[in-house]
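J.: have a look at this prediction, sequence included:
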Amino acid sequence: MATSTYDTNNDVQDRAVLVSLVTDDVKRGSADPEHSLAELVSLAETAGVRVLTTITQNRETPDSKWFIGKGKVEELRAAASELGATTAIFDQELSGAQVRNLEEALDLKIIDRTQLILDIFAGRAKTREGIIQVELAQLSYLLPRLSGHGKNLSRLGGGIGTRGPGESKLETDRRHIRNRIAELKRQLDEVVRHRKLHRERRKKSGVIQVALVGYTNAGKSTLLRELTEADVYVENQLFATLDPTSRNWQLPNGKEIVLTDTVGFIQNLPHDLVAAFRATLEEVNEADLILHVVDSSSPMRSEQMAVVADILTQLGAGDKQQLTVFNKKDLCTEESSHLLAGGKDALFVSAYSEPDLQQIREAVQQRLTGDTLTFGIPADRGDLIALAYRSGEVLGQDVGDDDGLVSLTVRLNKQEYELNGHKLQPYIRL
């Protein structure tokens, strides 16, 4: 497994002060800094860190040397000393120089939001692909900041080699990290190639895929388990699922499709992490339907939905057919229930309600069901008649007396029609 670059999961629990800088740009933006800080608390607890207190600083712009300003650094040092903190976790990204300056001034381990997320991912990666992706993201993030990290640098995947002749230790570290990044990218390219072949085989066989996407902890894994009876890890914590999980799912009409759970999104998701996980997230691009799962009980659901929409657009899946599933209705207030009653492209459900699960099944079936067409196929073309039965749901069959044709009324979903429609197209009856 990929080891964490920043060892928050050690034998002695880290005790942290969480720090947020609210600049004028942040105030003008759409993200709520209070919600972001609350989310940082959840991230820290997920990583096994004991949160002692939070500190917020308001400035027009970040301080280039200290990030939060020299005066606030003194305040942070006093608070950390009084509480016995071992770590300071910042809600924004820090430069290598800022990490070095803060580390020297505070005598604490300095971690930013991106490092914390990468640490959680490092602990959750189980598959070979996930391990490669996390290590690649860690090293890509660390490389430009290498000179700033002294005490925090530990156990990099692939290791830091010995000093080469005529090189400084820093140059040697950089060279080895670049070599390791190149090797990880080569391994990931091989994984991507196999995944692409698998997708192509699945597409040729006419397999229909539905992808679960959404903000972290929206309940995607719970829905996968309840809809498919899959034995998957479900926990009320951020990033409970890291590696994608696919299971066969039978719709009410008996049609079997594939339902895939994906890693949850989060605001300010590290760019290096999105890039490293692009191969995994490309499964979303191949889906015939996206189920956007939303935690309807969250007061920040609108902002969370916007984050998911933005990342889907980055992945090139923004125009995909979507069905919004407002989950956790059992945790909602009466007012929220009224606002989220559902509409044409939205459902308001609880993953633990069987009637609600049936509502999801029927809604998905309806969206994956295409046009109902009637074909007049020559009676001696048993291959085409069998193809029609394989391609869709035959609603009716009538054998003509005079024209020697078998009339079939078939309901075809879009993918199956695109796959086999060219063979049946000449026999469509208007």
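T.: Nice, thanks for sending it over.

J.: neighbours of S81, just the number please.
T.: 12 (other Cβ atoms under 10 Å). Glycine gets a C-beta too; all of them are placed from N, C-alpha and C.

J.: report the secondary structure element holding it.
T.: helix 70-83 (DSSP states H and E).

J.: in that helix, what counts as buried?
T.: K72, V73, L76, R77, A79, A80 (16 or more other Cβ atoms under 10 Å).

J.: one more: stretch 210-229?
T.: 210-228.

J.: cool, stretch 120-129 as well?
T.: Buried residues in stretch 120-129 (16+ other Cβ under 10 Å): I120, F121, A122, G123, R124, A125, E129.

J.: which of these lies closest to H35?
T.: Relative to H35, the closest of the buried residues of stretch 120-129 is I120; by Cβ to Cβ it sits at 18.5 Å.

J.: tell me the pLDDT of that closest one.
T.: With respect to pLDDT, I120 scores 86.

J.: can you give the distance of the host helix or strand of it from its chain's centre?
T.: With secondary structure defined by DSSP H and E, I120 is part of helix 113-124. Centroid displacement of helix 113-124 relative to its chain, using Cα atoms, centre = their mean, to the nearest Å, is 14 Å.

J.: repeat that for stretch 136-143.
T.: Worked out by Cα atoms, centre = their mean, stretch 136-143 lies 19 Å from the chain centre.

J.: CA atoms only for that stretch, dumped as PDB, please.
T.: Only the C-alpha atoms of stretch 136-143 are listed here, as PDB (Å, rounded to 0.1, in the frame of the first residue of the first chain):
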ATOM      1  CA  LEU A 136       1.500   9.600  -8.100                       C
ATOM      2  CA  ALA A 137      -0.600  12.400  -6.600                       C
ATOM      3  CA  GLN A 138       1.500  12.600  -3.500                       C
ATOM      4  CA  LEU A 139       4.800  12.900  -5.400                       C
ATOM      5  CA  SER A 140       3.400  15.300  -8.000                       C
ATOM      6  CA  TYR A 141       2.200  17.500  -5.100                       C
ATOM      7  CA  LEU A 142       5.400  17.200  -3.200                       C
ATOM      8  CA  LEU A 143       8.000  17.800  -5.900                       C
END
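
J.: surely I266 meets L116?
T.: No. Look at I266 against L116 with Cβ atoms under 8 Å: they stay out of range, at 11.0 Å.

J.: which of the two has more neighbours?
T.: Neighbour count, other Cβ under 10 Å: between I266 and L116, L116 has more, with 26 against 23.

J.: what is the neighbour count of the closest residue to the more buried one other than its chain neighbours?
T.: Distance criterion Cβ to Cβ, 6 or more residues apart in numbering; nearest residue to L116, sequence neighbours excluded, is L43 at 5.3 Å. A count of nearby residues for L43, using other Cβ under 10 Å, gives 24.

J.: next: I132.
T.: 23.

J.: equivalent analysis for the one 10 residues further on, please.
T.: The burial metric for L142, expressed as a neighbour count using other Cβ under 10 Å, is 24.

J.: and what of H198?
T.: Counted with other Cβ under 10 Å, H198 comes out at 10.

J.: next up, identify which helix or strand it is on.
T.: helix 169-204.

J.: and the angle for the helix or strand following that helix with helix 169-204?
T.: Once the chain leaves helix 169-204, the next helix or strand it forms, by DSSP H and E, is strand 209-214. Computed by axes from the mean of the first three to the mean of the last three Cα atoms, to 10 degrees, the angle separating strand 209-214 from helix 169-204 equals 140 degrees.

J.: so the nearest residue to Q314 once chain neighbours are set aside is in which element?
T.: Closest residue in space to Q314, ignoring its immediate chain neighbours: V274 at 6.9 Å, by Cβ to Cβ, 6+ apart. Using DSSP H and E, the element containing V274 is helix 271-276.
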